[in-house]
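Trainee: Compute the structure for the input listed below.
(one chain, ligands or ions: 2)
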Amino acid sequence: MKEIAVLGSTGSIGTQTMDVIRLHSDLFHASVIAAHKSIDKLREQAAEFHPHAIVITDEEAGKKFLEIYDGDADVLIGEAALSEVVKRDDVDLVLVAVVGITGLLPTLEAIRAGKELALANKETLVAGGALVLEEAKKHHTLIRPVDSEHSAIFQSMIGQDQKGIHKILLTASGGPFRGRTREELAQVTVADAMKHPTWNMGMKVTLDSATMFNKGLEVIEAHWLFGVDYQDIEVIVQPQSLIHSMVEYVDGSVKAHLGVADMRIPIQFALSYPHRWESPATQVDFTQMTSLEFLDPDLDAFRCLTLALEAGRAGGTLPCVMNAANEVAVAAFLADACRLTDIDATVEQVMEQVGSEPVESLEQLEEIDARSRALASDILTRG
Ligand code: NDP
Ligand code: MG
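Mentor: Ligands and ions are numbered 1, 2, ... in the order given. From the prediction side, this is the model:
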């Protein structure tokens, strides 16, 4: 039985992970579940999955949870608890599916504690890739990607050596605003942005997909996960989301990963690796496919993607700055406090003003993250 700590168990990735654990309950047990404030959902999950520990990171919600919970799991409250539970003896594998930079510290602690690691949270690698990779190398930890594109690349690279890779072709659906002009993007609403054409995900990643910032984050994520230079990672819009990414080898062969758009496939592979088991997802019916299109991304309209590529190439602490500014601007857009195009304008200004330095420590990243957030808020309130 593999004991799993599911950080972010109430979210989109978290609940789909619980689906996989339910289907394979003879092989997996969720020894830890953790969320921010969804206490009713946590209580439901606790009743069904019988974890040994439950984390609620929001203090108020944690107090309320203690009033309603009558089970016998350990209950831990506060963000620091995420980094504590990952070290428990009854945890073999940590699945990090919290949203935002909150994932960074628990990821580092899971690696240091010698746990297996499945990573959904892309902000962790974007902001702290240098630190995470350094620790992973030191502790011989394989980072199992959950993000569908990275799982696709990971799967396409099984049995291949690094030297044979010519480039990574990272596919993007293009999001709900594919084909829109910059002027049109300035007018869209939150409801419009939540209508992703092919994937059903949490609000932050859905919005990042609408601005294509998500694809920028994923280029940086791919750089760290697979050790490939930025010039060898190409973004291609594949509107049907049937191809989840491809790897081109030096001999001209291209390996692609295809399948239905169901996150339970990459989640399960991150847990079952190197094995494959039956999954709850449906199979592709190729006879129903009418077309398979490939387009270049529109870097003029989707400035977020351009900025993320610039930050990735510049390296150092700039991706951390960019990520922090984006997290703040996304929250503002979701609260109807700015336009969609104010997101990239804010990120750009924060990147320019904070600049970049070599990555040295977690404390340094935390300080830069906080400074970038404060500056982004300031820019957004000044309007
Ligand atoms: P959701 O918003 O659906 O869920 C986020 C989870 O994290 C919830 O359990 C939430 O708890 C918890 N959480 C939120 N804030 C905090 C916090 N400050 N401290 C601790 N826990 C917190 O997100 P997704 O599942 O969509 O995404 C999770 C991560 O996976 C993101 O980094 C995303 O980019 C990545 N990802 C997601 C994909 C998807 O299909 N959804 C695809 C690829 C990557 P609560 O419910 O209490 O708020
Ligand atoms: Mg993805």
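Trainee: I'd guessed Val284 sits against Leu242; true?
Mentor: Yes - applying CB atoms under 8 Å, one finds Val284 in contact with Leu242, separated by 7.0 Å. The way it works is simple: take the backbone N, C-alpha and C, and place the C-beta from them, glycine included.
Trainee: what residues are shared contacts of these two?
Mentor: Taking CB atoms under 8 Å, 6 or more residues apart in numbering as the criterion, Val284 and Leu242 both touch 258-259.
Trainee: who's more crowded, those two?
Mentor: For Val284 and Leu242, the more surrounded residue by other CB atoms under 10 Å is Leu242, and the numbers stand at 19 against 13.
Trainee: Tell me, what's the model's pLDDT at the more buried one?
Mentor: In this prediction, Leu242 carries a pLDDT score of 91.
Trainee: Also the one 4 residues further on?
Mentor: Looking at Met246, its pLDDT is 98.
Trainee: do the same with the one 3 residues further on
Mentor: Looking at Tyr249, its pLDDT is 97.
Trainee: Straight-line length of stretch 20-29, end to end?
Mentor: Stretch 20-29 has an end-to-end distance of 10 Å (CA to CA, to the nearest Å).
Trainee: right, quick check: that stretch against ligand 1, any contact?
Mentor: No - Stretch 20-29 stays out of contact with ligand 1 when judged by CB under 6 Å from any ligand atom, the minimum separation being 13.4 Å.
Trainee: quick check: mean pLDDT across that stretch?
Mentor: Per-residue scores along stretch 20-29 average to 97.
Trainee: same check, this time on stretch 226-239
Mentor: For stretch 226-239, mean pLDDT is 96.
Trainee: OK, contacts around the residue of the stretch 101-250 of the chain found nearest ligand 1?
Mentor: Nearest to ligand 1 in the stretch 101-250 of the chain, going by CB to the nearest ligand atom, is Gly202, at a distance of 2.4 Å. By CB under 8 Å, 6+ apart, the contact list for Gly202 reads 11-13, 99.
Trainee: just those that are near ligand 2?
Mentor: Taking CB under 5 Å from the ion as the test, ligand 2 is in contact with none of those.
Trainee: Scan these and report the most crowded one.
Mentor: Greatest neighbour count in the contacts of Gly202, by other CB under 10 Å, goes to Ile13: 28 neighbours.
Trainee: For it, which non-adjacent residue is spatially closest?
Mentor: Using CB to CB, 6 or more residues apart in numbering and skipping residues adjacent in sequence, the residue nearest Ile13 is Ala97, 3.8 Å away.
Trainee: a helix runs through Leu95, doesn't it?
Mentor: No - under DSSP: H, G, I helix; E, B strand; the rest coil, Leu95 sits outside any helix and is assigned strand.
Trainee: Pull the contacting residues for the residue of the chain found nearest ligand 1.
Mentor: Residue of the chain nearest ligand 1, by CB to the nearest ligand atom: Gly11 (1.9 Å). Applying CB under 8 Å, 6+ apart, we find Gly11 in contact with 35, 97-99, 202.
Trainee: which one of these is nearest His24?
Mentor: Among the contacts of Gly11, Ala97 lies closest to His24 (CB to CB), at 17.3 Å.
Trainee: Number of residues surrounding the closest one?
Mentor: Other residues close to Ala97 by other CB under 10 Å number 26.
Trainee: In the stretch 201-350 of the chain, what residue lies closest to ligand 2?
Mentor: Across the stretch 201-350 of the chain, no residue is closer to ligand 2 than Glu218, which sits at 5.5 Å (CB to the ion).
Trainee: what pLDDT does that residue get?
Mentor: Glu218 is given a pLDDT of 97.
Trainee: pretty sure it contacts Lys122?
Mentor: Yes - with contact defined as CB under 8 Å, Glu218 and Lys122 form a contacting pair (6.4 Å).
Trainee: okay, these two: which has more neighbours?
Mentor: Glu218 (30 against 27).
Trainee: gap between stretch 65-85 and the chain center?
Mentor: Relative to its parent chain, stretch 65-85 has a centroid offset of 24 Å by CA atoms, centre = their mean, to the nearest Å.
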